[in-house]
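Coordinates for the following, if possible.
(chains A, B, C and D)
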Protein chains: 2
Amino acid sequence: MMTQRVTLKTIAAKTGFSITTVSRGLAGYSDVSPRTKQIILEAAEVLGYYPNLTARQLQKQSTDTVGLILPAQGPRFSDPYFSAIIAGIGDELAQHDMDLLLSKHPPGPKELSAYRRMVEGQRVDGLIVIRTRKQDERISYLSSTSLPFVVFGRSDLDIDFPYIDEDSEVGFFQLTTYLLSQGHTRIGFISGPDNLMFANFRFDGYCRALQEAGLTCDMEYVVRGDLTRKGGEKAARQLLLLAPRPTAIIATNDLMAVATVSVAREKDIKIGEDLSVAGFDDIPPSDYLSLTTMRQPTYEIGRRLSNMLHQLIKGNPLEDRHVLLKPEMIVRNSTCPPRSY
Amino acid sequence: MMTQRVTLKTIAAKTGFSITTVSRGLAGYSDVSPRTKQIILEAAEVLGYYPNLTARQLQKQSTDTVGLILPAQGPRFSDPYFSAIIAGIGDELAQHDMDLLLSKHPPGPKELSAYRRMVEGQRVDGLIVIRTRKQDERISYLSSTSLPFVVFGRSDLDIDFPYIDEDSEVGFFQLTTYLLSQGHTRIGFISGPDNLMFANFRFDGYCRALQEAGLTCDMEYVVRGDLTRKGGEKAARQLLLLAPRPTAIIATNDLMAVATVSVAREKDIKIGEDLSVAGFDDIPPSDYLSLTTMRQPTYEIGRRLSNMLHQLIKGNPLEDRHVLLKPEMIVRNSTCPPRSY
DNA sequence: TGTCTTTTCCAAAACGTTTCGGATATCCTA
DNA sequence: TAGGATATCCGAAACGTTTTGGAAAAGACA
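Numbering: from 1, shown residues only, chains lettered A, B, ... in the order given. As a prediction, the model looks like this:
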């Protein structure tokens, strides 16, 4: 039962050829005669040979694997964002016969050592970094390395690296402007963690829209959230206590916008009548709840990131080293002109 | 800039000791004197040595990696189920300093060759199989192998393997019985793909409850779904056209239950008044929508699966080789006694 | 017949690690 | 001071693959 592993050596012993010839035969080199190649292939077949990928990796000094470390904590990824990006990355990698080495670490020192492990332990040929932060140490570390990597999101570091990002600033500028055009003047904002790049961009877009409309960004109407549903609820509650109450609330992500909807319902405030609510991401529940939002094609971004990385690994030049996508505004029933009262 | 890789050989050359001694010094063996160990550690430090994990894997014949192949298709995982399980697996593996090798393949021949690649290419020390199917070829394949694996879900094969599963049959028996006790007699059912084990179990529970209540399982009130939102909508539409209309609808998963809610809303059928709706899983949107459902602790199951696998890999005996969890009924506002009309 | 290709094969080195089985030197004990 | 124990080190083999640089045999050409 405990059959010995079958390696090139096994085939060599069985066929009488050398390990070299067996290897080259299987690889299809032209310096092995058709007849012996045939013999070797048959032997491999009957013995059930499968190459040891680890040995091959060691010899070839490449792993056909890319690494992804999810900067998440807790039992559920904070939102469907991670699922979509993993799906995109996974599908694209499968096309190139590459594997994905996945870890999950909340930001912190253990996260960075997970990167070091992948990079310096030479476990991967490249890395994908997602959800960029201010002064992102992952990026400064990786750029000190010669390993290829691509990033979802921009950074405030003075480092050039290949990335894809959605233009969050323009997205929220557009969304805020839309609400202003409907007549809203008191627009509450639920922000995200200050160290996340996209959270800042989104806030910036909101502010700029207000300013260009001649309004000032009243910090009383800006409440910090943490992108989770719980944090969103807390922030929404706080905003809804303000007097005068905001007529619209924008949340940095859909998850918190959804939370705002629940809180409003609980207080018998009618969404899309007494209160407008909007978010960013267009996650599945937003659709059910008819939430106005900015859509970003996370799955496609995942695919594109993989593809870029694959090019880099192969040593090909990148057609676009920096990609900035425009998010699309999806207007649903959660937004309307303010009730004049 | 293109600094040479630093290996044991580099340290050996620099310190004047042999590769063997360097290796043993770093590993902390007692047959290297404290002074030379000190020298070696310092040299490793200044040179920035990091062991090549691939080489180590080859030598040790183990990878400290487990494989997971997501049986999913399309841009988004069909539901938050996959996210939660990946999170659980990832967190638990991190505790044991193991990595996760992830692929994504829809069921089919390419899926199986992805398994073969991981197993026969010796890329992983063990595998986790999720979402079991009838006559699941992944399981029969893996059990023909000597590689450890654990499974989320039971199977109809005559093979013994370690698994964790939730008792879907009992879960839906309980849920259906609850609805019957509220007075419902026409309970529609949105089933799942026939080849998925859990979908069958859930349907069985539904049927058994009807039968024990003296009712028959009228197949007109059972419509096939595919676990996605779209499929759920189609099925719900079909059920709501029946005359007499069902007073309650149970869906095989929450995603389709959520879809049922949207369809009903669209038709101005009030959920929790004119129609009761319930699902299975307790995904986040269910909470927002106040959907009655059966909760299964997917994250914890992921953790536990990892843990079981880790024990198997270490060669430890398993305390529980077969775990069957009871799902918890979460009653929310989407269910109520039928309107008597 | 002798040289020159071409065909077909293989030994050995390499990738970077760990481990086995000594070897040498030092120390203690009687 | 001979004996054995102990401390410290290392060469070589092994993990399984690919590649380099020939070697041997066969064929082509003069």
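
roughly how far out does stretch A:205-222 sit from the chain middle?
In terms of C-alpha atoms, centre = their mean, to the nearest Å, the centre of stretch A:205-222 is set 29 Å apart from its chain centre.

Return the set of buried residues in it.
Counting neighbours by 16 or more other C-beta atoms under 10 Å in any protein chain shown, one finds that the buried residues in stretch A:205-222 are A:205, A:206, A:207, A:208, A:209, A:210, A:217, A:221, A:222. For the C-beta atoms, the positions are set from N, CA and C on the backbone; glycine is no exception.

Surely the second one is in a helix?
Which is residue A:206. Yes - inclusion of residue A:206 in a helix is indicated when DSSP: H, G, I helix; E, B strand; the rest coil is applied.

from memory it sits against residue A:215, does it?
No - contact criterion C-beta atoms under 8 Å: residue A:206 and residue A:215 do not qualify, at 10.9 Å.

Chain A against DNA strand D: which residues are in contact?
Near DNA strand D, the residues belonging to chain A are A:5, A:7-9, A:19-20, A:23-24, A:26-27, A:31, A:49, A:51-52, A:55-56, A:58-60 when assessed by C-beta under 7 Å from any atom of the strand.

Which ones among those map onto strands?
When the residues of chain A next to DNA strand D are checked against strands (DSSP state E), there are no matches.

Drop anything exposed from the residues you listed.
A:7, A:8, A:23, A:24, A:26, A:49, A:51, A:52, A:55, A:58.

State the distance from the residue nearest to the first one when sequence neighbours are not counted to residue A:95.
Read that as residue A:7. Nearest residue to residue A:7 in three dimensions, chain neighbours excluded: residue A:52, at 6.8 Å (C-beta to C-beta, 6 or more residues apart in numbering or on different chains). Computed as C-beta to C-beta, to the nearest Å, the residue A:52 to residue A:95 distance reads 24 Å.

Okay, domains of chain A per the record?
Residue ranges for each domain of chain A read A:8-51, A:65-166+A:298-325, A:168-296, as given by automatic domain parsing.

For the longest one, measure first residue to last.
The straight-line separation of the ends of domain A:65-166+A:298-325 (C-alpha to C-alpha, to the nearest Å) is 27 Å.

so how far is residue B:47 from residue A:122?
From residue A:122 over to residue B:47 the distance is 16 Å, taken as C-beta to C-beta.

Those two: which is more packed in?
Remark: of residue A:122 and residue B:47, residue A:122 carries more neighbours, 21 against 15, as counted by other C-beta atoms under 10 Å in any protein chain shown.

Next one: the nearest residue to that one once chain neighbours are set aside from DNA strand C, what distance?
Sequence neighbours aside, residue B:52 is the residue nearest to residue A:122 in space, at 5.4 Å (criterion: C-beta to C-beta, 6+ apart). Shown here: residue B:52 relative to DNA strand C, a distance of 3 Å by C-beta to the nearest atom of the strand, to the nearest Å.

what sits against residue B:52?
A:58, A:121, A:122, B:7 (C-beta atoms under 8 Å, 6 or more residues apart in numbering or on different chains).

quick one: which of these sit in helices?
Where the contacts of residue B:52 overlap with helices, as defined by DSSP state H, the overlap consists of residue A:58.

Nearest to DNA strand D among the contacts of residue B:52?
Within the contacts of residue B:52, the smallest distance to DNA strand D is 4.5 Å, found for residue A:58 (C-beta to the nearest atom of the strand).

Which residues are in contact with that closest one?
With contacts defined as C-beta under 8 Å, 6+ apart, the neighbours of residue A:58 are B:52, B:54, B:55, B:58.

residues touching the nearest residue to it once chain neighbours are set aside, list them.
Leaving aside its chain neighbours, residue A:58 sits nearest to residue B:54 (4.8 Å; criterion: C-beta to C-beta, 6+ apart). Residue B:54 is in contact with A:54, A:57, A:58, A:63, A:121, A:122, A:123, counting by C-beta under 8 Å, 6+ apart.

correct me, but the second one touches residue A:51?
No - between residue A:57 and residue A:51 no contact is recorded; they are 10.4 Å apart, counting by C-beta under 8 Å.

in stretch A:313-330, what's buried?
Using 16+ other C-beta under 10 Å as the test for burial, stretch A:313-330 gives A:313, A:323, A:327, A:329, A:330.

Can you tell me how far residue A:153 is from residue A:298?
Separation of residue A:153 from residue A:298 (C-beta to C-beta): 12 Å.

Inside helices: which ones of the buried residues of stretch A:313-330?
Counting by DSSP H, the members of the buried residues of stretch A:313-330 that fall within helices are residue A:313.

Format the buried residues of stretch A:313-330 as JSON lines; extra columns: pLDDT and distance to chain B.
Output for those, formatted as JSON lines (pLDDT from 0 to 100; distance: C-beta to the nearest C-beta, whole Å):
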{"residue": "A:313", "pLDDT": "97", "distance to chain B": "16"}
{"residue": "A:323", "pLDDT": "98", "distance to chain B": "18"}
{"residue": "A:327", "pLDDT": "97", "distance to chain B": "17"}
{"residue": "A:329", "pLDDT": "98", "distance to chain B": "20"}
{"residue": "A:330", "pLDDT": "98", "distance to chain B": "16"}
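
Mind checking which of the buried residues of stretch A:313-330 are in strands?
Filtering the buried residues of stretch A:313-330 for membership in strands, criterion DSSP E, returns A:323, A:329, A:330.

Columns distance to DNA strand C on top of these, output as a markdown table?
Formatted as a markdown table, those follow (distance: C-beta to the nearest atom of the strand, whole Å):
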| residue | distance to DNA strand C |
| --- | --- |
| A:323 | 34 |
| A:329 | 52 |
| A:330 | 51 |
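
got a markdown table for those residues, with distance to residue A:246 too?
Conversion of these to a markdown table gives the following (distance: C-beta to C-beta, whole Å):
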| residue | distance to residue A:246 |
| --- | --- |
| A:323 | 35 |
| A:329 | 20 |
| A:330 | 21 |
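
Not counting sequence-adjacent ones, nearest residue to residue A:126?
Residue nearest to residue A:126 in three dimensions, not counting chain neighbours: residue A:148, with 4.1 Å by C-beta to C-beta, 6+ apart.

er, residue A:164 I mean
Counting by C-beta to C-beta, 6+ apart, residue A:164 lies nearest to residue A:323, which is 4.3 Å off, once chain neighbours are set aside.

show me the residues around the one you found that make contact.
A:163, A:164, A:165, A:304.

go with 10 Å
Listed by C-beta atoms under 10 Å, 6 or more residues apart in numbering or on different chains, the contact partners of residue A:323 are A:150, A:162, A:163, A:164, A:165, A:166, A:301, A:304, A:305, A:308.

I'd like the residues you listed as JSON lines, with pLDDT, secondary structure and distance to residue B:229 appended.
Listed next are these as JSON lines, based on pLDDT from 0 to 100; DSSP: H, G, I helix; E, B strand; the rest coil; distance: C-beta to C-beta, whole Å:
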{"residue": "A:150", "pLDDT": "98", "secondary structure": "strand", "distance to residue B:229": "31"}
{"residue": "A:162", "pLDDT": "98", "secondary structure": "coil", "distance to residue B:229": "34"}
{"residue": "A:163", "pLDDT": "98", "secondary structure": "strand", "distance to residue B:229": "32"}
{"residue": "A:164", "pLDDT": "98", "secondary structure": "strand", "distance to residue B:229": "27"}
{"residue": "A:165", "pLDDT": "98", "secondary structure": "strand", "distance to residue B:229": "28"}
{"residue": "A:166", "pLDDT": "96", "secondary structure": "strand", "distance to residue B:229": "24"}
{"residue": "A:301", "pLDDT": "97", "secondary structure": "helix", "distance to residue B:229": "22"}
{"residue": "A:304", "pLDDT": "98", "secondary structure": "helix", "distance to residue B:229": "25"}
{"residue": "A:305", "pLDDT": "98", "secondary structure": "helix", "distance to residue B:229": "26"}
{"residue": "A:308", "pLDDT": "98", "secondary structure": "helix", "distance to residue B:229": "31"}
